[in-house]
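>>> build the 3D model from these lines:
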Amino acid sequence: MNVYWDTSAIVKRYLAEAGSSAVVNLLRQDPVSGTVVVTRAEMAGVFSRAFSRAKITENQLNQGMRNFRQHWPAFLRIRITEPMIRDADHLAIEYNLRGYDAVHLAGALIWKDRVADTILFATFDDNLWRAAVAEGFEPFPERLPSRVLAGKR
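Alright, predicted model coming up:
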C-alpha cells in the first residue's frame, strides 16, 4: 500500500490529538509512505506553535521532533521543482487551497503518475481532502476530516 502524507495527517503520529489512533493504525499496515520535502519544515512549525501555545512541553517538542527526524529517512521524499510549483499554482486556484496544501497535492500527483498502485492520500484538512478526491486519490480518512474529528457520520 502507498500512502501520501500531508503534514496535518503525519503530525498525528507524533502529537496525541483527534485522529491519532487512526493514523497509528494505518501506519501499522506498514505502507510505503511519501510526502514532499517541505513537510519536514512544516512539522517543525507545528511543534513550535504547539510549544509556544503551551499545548506541549519543551520535552514533548524535543522528543516529538527527534522521533519524526528518526522516521524521516523512511519516507519517499518528493523534491519540489519549478514544474511542481507551476502545477501547485493552478491547483491552488482550482481548489481554493493554501500554498503548501497545493504543493502537497502537486507532489502526490507526481508520485501517482509514476506508480501503478493506488495511493491513499492522508490529510485532515477538508479542502485538501476534497481536492485529493477530485484528483482521483483514495482519501484517508474515508469521510470528510471535520466530520471524523467531530465524531459525526
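>>> which stretches of this protein aren't confidently modelled?
Residues of the chain that meet the criterion pLDDT under 70 lie in 152-153.
>>> could you identify the longest helix within it?
As assigned by DSSP state H, the longest helix anywhere in the chain is helix 99-114.
>>> give the contact list for residue 124.
Counting by Cβ atoms under 8 Å, 6 or more residues apart in numbering, residue 124 makes contact with 8, 9, 12, 19, 141, 145, 148, 149. For every residue, glycine as well, the C-beta is placed using N, CA and C.
>>> how far away is the nearest residue to residue 125 once chain neighbours are set aside from residue 20?
Excluding the flanking residues, the one nearest residue 125 by Cβ to Cβ, 6 or more residues apart in numbering is residue 8, at 4.9 Å. Using Cβ to Cβ, to the nearest Å, residue 8 is found at 12 Å from residue 20.
>>> so for those two, which sits in the more crowded spot?
Between residue 8 and residue 20, counted using other Cβ atoms under 10 Å, the more crowded position is residue 8 (20 against 14).
>>> residue 40 reaches residue 73, doesn't it?
No - the criterion here is Cβ atoms under 8 Å, and residue 40 misses it with residue 73 at 11.0 Å.
>>> tell me how many other residues crowd residue 133.
Residue 133: 13 neighbours (other Cβ under 10 Å).
>>> ditto for the one 5 residues further on
By other Cβ under 10 Å, 15 other residues sit near residue 138.
>>> for the nearest residue to it once chain neighbours are set aside, helix, strand, or coil?
Leaving out its chain neighbours, the residue that sits closest to residue 138 by Cβ to Cβ, 6+ apart is residue 120, at 5.0 Å. Three-state call for residue 120 (DSSP: H, G, I helix; E, B strand; the rest coil): strand.
>>> and residue 120, how far from residue 27?
In terms of Cβ to Cβ, residue 120 sits 12 Å off from residue 27.
>>> looking at the two, which is more packed in?
Neighbour totals were compared for residue 120 and residue 27, and residue 120 leads with 21 against 17 (other Cβ under 10 Å).
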